[in-house]
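> compute the structure for the input listed below.
(one chain, ligands or ions: 1)
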Amino acid sequence: MTILARAIDVTRRYGDVLALDRVSLDIRAGELVGLLGPNGAGKSTLINLFVGLRRPTSGTVELLGGSPLDAAVRRGIGVTPQETGLPEYLRVGEIVDFVSAHFPEKTDKGELLARFGLGDLIKRQVGGLSGGQRRRLAVALAFTGRPRLVFLDEPTTGLDVEARRALWDGVKAFHDDGGTVLLTSHYLEEIEALAERVVVVGHGRVLADDTVRAVRDMVGVRRVSLVAEHLPELPGVLGSERVDGRISLVTTDPDRLVVELVRSGAPFSGLEIRPTTLEEAFLAITSKESAHV
Ligand SMILES: Nc1ncnc2c1ncn2[C@@H]1O[C@H](COP(=O)(O)OP(=O)(O)OP(=O)(O)O)[C@@H](O)[C@H]1O
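Just a heads-up that it's a prediction; the model follows:
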């Protein structure tokens, strides 16, 4: 499969800070990849290297078969950084026209705005948009030049549920047409909802790179929940909480936990065992990593 972006053994330092530590990563055509990691993990740095805003301290970054430093190569991508400033006095349609003028191919303006739920706002000045509408416009702009590959750095930060879903629909529509996307997110449900592949980054390193399901399985954490008055000490419990009378136990070995529970003779009912959410998997991976440091 065609590789659209590639990092080969990339290290990036900012003075004494090691932001990326020998990272290798391929983004293949047609993928929607979620880059997940805590604050300061190195996600934005990696995006900045891919889009040519920064250079690696060592290692190689390739973009669309060329160099991210080549402006002609960069015309094939779209980017929305974590923060954007849009001129307040321009109208939504004018901003789209201005940005698309930089690209040889253009996405249809009406279609683009409709995809991001901005169809009725084409004549509205940016100064009159809500925060959520501005963010959706900033993200929509990444798609104006018919890009092959789009980088979105925390696209839905600060959006309410409805605005977030409108934005997801726009990203999904691009992906359904064969577009490739790398997005970072702190919203784990976002990665679960959008991405097929998740790359977990921590301390500048790639900790996991697999399907969402495989990352969960890799961590192997399960949630065992039940109704009980009291529970004895049980083996292999990583965490527990009591919500509305139900006790939830997080464990890597649910079989053993249930055997021990039955053996203890403690009365219980309503036993459920379910896979963890990506959030739980993510916390387990990053805390394992911290334990090694
Ligand atoms: N321009 C810079 N100068 C100095 N240090 C920097 C600079 N940019 C990033 N860093 C440091 O590099 C590390 C990685 O930062 P980066 O912004 O890539 O992380 P991130 O995963 O995107 O975090 P967040 O989720 O908070 O956006 C952090 O320790 C950060 O403080």
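> tell me the SS of Leu238?
Following DSSP: H, G, I helix; E, B strand; the rest coil, Leu238 is assigned to strand.
> ok, and the closest non-adjacent residue to it?
Val250 (4.7 Å; CB to CB, 6 or more residues apart in numbering). Heads up, the C-betas are built off the backbone N, CA and C, glycines and all.
> and for Leu231?
Ala266 (5.8 Å).
> that neighbour contacts Leu234, doesn't it?
No: at 9.2 Å, Ala266 does not count as touching Leu234 under the criterion of CB atoms under 8 Å.
> neighbour-wise, which of the two wins?
More crowded of Ala266 and Leu234, by other CB atoms under 10 Å: Leu234, with 19 against 15.
> who touches the strand or helix carrying Val23?
Per DSSP states H and E, Val23 falls inside strand 17-28. Residues outside strand 17-28 that contact it (CB atoms under 8 Å, 6 or more residues apart in numbering): 1-13, 33, 42, 45-46, 49-50, 56, 59, 149, 180, 182, 199, 201, 203-206, 209.
> what's the pLDDT at the residue nearest to Leu238?
According to the prediction, Val250 has pLDDT 84.
> measure the residue nearest to Pro254 when sequence neighbours are not counted to Gly236 for me?
Counting by CB to CB, 6+ apart, Pro254 lies nearest to Arg222, which is 4.4 Å off, once chain neighbours are set aside. From Arg222 across to Gly236, the span is 10 Å (CB to CB, to the nearest Å).
> just want to know which of those two has more residues nearby.
Arg222 (19 against 14).
> where in this structure is pLDDT low?
Along the chain, segments meeting pLDDT under 70 span 187-188, 216-220, 277-293.
> up against the ligand, what does it have?
14, 17, 19, 37, 39-45 (CB under 6 Å from any ligand atom).
> and the buried ones among these, selectable in PyMOL?
Command for PyMOL that selects the buried part of the residues of the chain next to the ligand, burial taken from 16 or more other CB atoms under 10 Å:
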select buried, resi 19+37+41+42+43+44+45
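> ok, the residue nearest to Leu231 - contacts?
228, 230-232.
> got phi/psi on the residue nearest to Pro254?
Phi and psi for Arg222, reported as degrees, to the nearest 10, are phi -120, psi 150.
> I figured it hits Val258, correct?
No: using CB under 8 Å, Arg222 is not in contact with Val258; the gap is 10.3 Å.
> ranges for the helices of the stretch 51-200 of the chain?
In the stretch 51-200 of the chain, the helices defined using DSSP state H, counting those that start in this stretch lie at 71-74, 92-100, 109-115, 131-141, 161-176, 188-194.
> give the buried residues for the longest one.
Right, the one you point to is helix 161-176. Neighbour-count burial for helix 161-176 [16+ other CB under 10 Å]: 163-164, 166-168, 170-175.
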